[in-house]
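Visitor: Structure, please.
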Amino acid sequence: MIPKLRGHHLICLQFFQGEGYNEEFVDNLGMIRQLIRDEPVEISAGPDDICRKCPYLENDVCGYNERAEEEIREMDERALRLLGAATGSRAAWDEIREKLPMIFHEWHTLYCKVCHWRGACEKGDFYRRLKNTCLTESV
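Guide: Residues are numbered from 1 along each chain as shown. This next block holds a predicted model:
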């Protein structure tokens, strides 16, 4: 099975620290993380294999808040542009990860600072390293 991930999940899943909405959601994230170590990722438009277990997904639309679907699609587009990727293509997980240091400052500025998942991501070494690099470069 080739995991399908949407644009922003290509970036955000890199920082997964075992937290989520509920046990089913967290277990699914963990399973996807295991799969993508050995399999390429298929880049999808719209809801992906992570979204499928999200309690806010209803009829393929995010109901987290009234603007969530629009905001997520904008994030997806930005993520793909920053990563130089396109929907329908495949990418190796380690190749995506290698690009993060070059794009993290912009991503962090636009999205991480206001994200409700930020507290979970900040617990991870990789996120903290990238964030510290951004802070050092902006001084």
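Visitor: where are the low-confidence patches of the protein?
Guide: 135, 137-139 (pLDDT under 70).
Visitor: Helices of that one, start to end?
Guide: 7-12, 23-38, 68-83, 93-110, 118-121, 125-137 (DSSP state H).
Visitor: closest to D60 out of these?
Guide: helix 68-83 (9.3 Å; CB to CB). In this view, the C-beta of every residue, glycine as well, is placed from N, C-alpha and C.
Visitor: So what touches that closest one?
Guide: Contacts with helix 68-83, where a contact means CB atoms under 8 Å, 6 or more residues apart in numbering, come from 6-8, 10-11, 43, 45-46, 56, 61-62, 85-87, 91, 96, 99, 103, 106-107, 110-111.
Visitor: got the angle between it and helix 93-110?
Guide: 120 degrees (axes from the mean of the first three to the mean of the last three CA atoms, to 10 degrees).
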